[in-house]
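S.K.: I would like to see how this sequence folds:
(one chain, ligands or ions: 2)
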Amino acid sequence: MGILSNILFAIILFAGIGFFAKNVKSLFRNIKLGKDKDISDNKPERLKNMINIALGQSKMVKRPVSGFLHVVVYVGFIIINIEVLEIIIDGLFGTHRIGLSVLPTSVYGFLISTFEVLAVLVLVAVVIFWIRRNVIKIKRFLSSEMSGWPKADGNIILYFEVVLMSLFLIMNATDLEFQALSSGNVISQFIAPLFSGMAEGTLHLIERSAWWLHIIGILVFLNYLYYSKHLHILLAFPNVYYGKLTPKGQLPNNPTVTKEVMLMMDPNADPFAAAPETEAEGEPEKFGASDVQDLPWINLLNAYTCTECGRCTSECPANLTGKKLSPRKIMMDTRDRLTEVGKNIDANKGVFVPDGKQLLNDYITPEELWACTSCNACVEACPVSIDPLSIIMEMRSYLVMEESAAPTELNNMMSNIENNGAPWPYNQQDRLNWKNEA
Ligand code: SF4
Ligand code: SF4
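M.R.: Ligands and ions are numbered 1, 2, ... in the order given. As a prediction, the model looks like this:
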C-alpha cells in the first residue's frame, strides 16, 4: 500500500496543481483582453503600498471588528498552511511527520502548537463571520447583487475553512505518536479524549482519513478560488501594487480631446499638420468603453480582485440616497461579463465571437452610470485599492463621445460650454449673468 499511496498522492497533488495552473492561465488571458496601459512607474511606492495595504491589511482594519476578524483568518490560514509543506513531503515520500526528523522536538512542538492555536482562532472568527452574514444580516451583505451565487459563495468559503481547520485538529488529536510527544498538542490534547476507547486501528484510520481529506480539501480550495470572490487572496497583492497613485480627484484627460483643445488655443498651430499614424498619438478606434475589452487591463484585474465586501457601496452617496448605483455591482458585473467573454473565447478556439451582448446595457445601465457623483468615496473605502469610478468614467465617455447619449441636462451644459464658453445659456458678454440667478 505504501508505494501505491505515494503514487496516488502524487497524482492527486499534480492534478490539483495542474488544474489550478490552467485556471491561472485563463485568468491572465482574460485580464490581458483589456487595453494596454503602462503602470510601470514609481516601483518603490507601489511596493510600499503592497506591503501596507495587501500584506499589512491597513485598510481592512479601518472597520475594526471585521478588520480584526479578517486579519485572524488571513494570518491563521496562511501560517497553518505551512503545515501543508510537511504533508506534501510525507505524501510523496511515505514519511510520517518529516518535521520531527529534521527539527528539534521543541521547535516542531512550538510550530504545531502555534498552528493549533491559530486553527481555533480561525474557527472562532469564521463562526462570527457566519453569524454576521446569516443571523445579524448586516445590511451591506443583503443588496440585490448579493443574492444567488455571491451569497452562497460567501458561506461556502466559511464552511471550507471550518472543515479544513477541524480536519487539521482531528488529524493531530488521533495521531497517537504525536500525542505521545506531549509537545505541540496544546489544543488537540483536549480533543483526543473524544476518541478515547477506540481501537488503535480505528484511530489510525481516522487520522489517515483526516490527513487525506485535509490535503484534498486544500487542493479543492485552491481550485475553487478561480470561481469565487476569494481570488482576492492571491490577486490583492498585484492589484494593490498597480493601484492608482495620483490624487483621487485627478481624472485622466482624454488625450485626443486635449490635443484638439491645445490646437484650438495655440495660434501657431498648423491645422494642416500630418495626421497621426498610430492610435496612440491619434484618434482611438473607440472612445471610452462599452464592453470589457475596451477597459484598461487594470480595471479587469480590479474586477477579479473584488472581495464583494460592499464597503464601497456602503459609503456611496448615490446608493445611500436610493439611486440604482452600487460600485460593488459595477465590479461584479465587469467580472461576470469578462468571465462570459473568456468562456466565449474558449468555446470558439481562441477567438471571441460577438454574442450580441456587452457590458453596457446588458450588465450596467446608463441610469447607474449617471447616478455617480464621482466623489471617490468608493475608491477610498476599498480595502484592496479597487477603483470602480474609473470604469464608470470610461463608460460615460463612451456614452457621451460615441453615442451622444448623455442626460439632457449634461447635453445642454456641454452645448453651452461649446457655444458660450460657460455652462450657462448666455452669450459671451453675458456670461456673468449666472450670479443674478441666485
Ligand atoms: S465615485 Fe460614484 S460610485 Fe463611487 S462612491 Fe462616489 S458616487 Fe458612488
Ligand atoms: S470594490 Fe472594493 S470595497 Fe467594493 S466590494 Fe469590491 S473589494 Fe469591497
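
S.K.: grab the most central residue of this structure for me.
M.R.: The residue lying closest to the centre of the chain (CA atoms, centre = their mean) is residue 305, at 1.6 Å.

S.K.: state the distance from that residue to residue 242.
M.R.: 10 Å (CB to CB, to the nearest Å). C-beta here means a position set from N, CA and C on the backbone, and glycine is covered the same way.

S.K.: ditto for residue 116
M.R.: Counting by CB to CB, the separation of residue 116 from residue 242 is 37 Å.

S.K.: neighbour count: those two, which is higher?
M.R.: Neighbours per residue, other CB atoms under 10 Å: of residue 116 and residue 242, the larger number sits with residue 116, 25 against 19.

S.K.: helix, strand or coil for the residue of the stretch 151-300 of the chain found nearest ligand 1?
M.R.: In the stretch 151-300 of the chain, no residue comes nearer to ligand 1 than residue 248, which is 9.2 Å away by CB to the nearest ligand atom. Secondary structure, DSSP: H, G, I helix; E, B strand; the rest coil: residue 248 is coil.

S.K.: which one is it nearest to, not counting chain neighbours?
M.R.: With CB to CB, 6 or more residues apart in numbering as the criterion, residue 248 has its nearest non-adjacent residue at 4.3 Å, and that residue is residue 376.

S.K.: mind checking how far that neighbour is from residue 26?
M.R.: Using CB to CB, which is the criterion applied here, residue 376 is 32 Å from residue 26.

S.K.: for the helix or strand bottoming out on mean pLDDT in the chain, buried residues please.
M.R.: Of all the helices and strands that make up the chain, helix 255-265 has the lowest average by mean pLDDT, DSSP states H and E, namely a mean of 78. Buried residues in helix 255-265, defined by neighbour count with 16 or more other CB atoms under 10 Å: 256, 259.

S.K.: could you dump it to CSV, C-alpha only?
M.R.: The C-alpha coordinates for helix 255-265 follow below in CSV (Å, rounded to 0.1, in the frame of the first residue of the first chain):
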residue,chain,number,x,y,z
PRO,A,255,-5.5,62.7,-25.0
THR,A,256,-7.4,63.2,-28.3
VAL,A,257,-9.7,65.8,-26.9
THR,A,258,-6.8,67.5,-25.1
LYS,A,259,-4.9,67.7,-28.3
GLU,A,260,-7.8,69.2,-30.2
VAL,A,261,-8.2,71.9,-27.4
MET,A,262,-4.5,72.6,-27.4
LEU,A,263,-4.6,73.1,-31.2
MET,A,264,-7.5,75.4,-30.9
MET,A,265,-5.8,77.5,-28.3
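
S.K.: can you tell me what sits against the next helix or strand after that helix?
M.R.: Scanning forward in sequence from helix 255-265 by DSSP states H and E, the next helix or strand is helix 297-305. For helix 297-305, the external contacting residues (CB atoms under 8 Å, 6 or more residues apart in numbering) are 27, 30-37, 39, 231-232, 235-236, 238-239, 242, 292, 331-332, 334-335, 338, 384, 386-388, 390-391, 394.

S.K.: out of those residues, which are buried?
M.R.: Looking at those with 16+ other CB under 10 Å, the buried ones turn out to be 27, 30-31, 33-35, 231-232, 235-236, 238-239, 242, 292, 331-332, 334-335, 338, 384, 386-388, 390-391, 394.

S.K.: just those residues that are near ligand 1?
M.R.: Among the buried ones among the contacts of helix 297-305, the ones lying near ligand 1 by CB under 6 Å from any ligand atom are residue 388.
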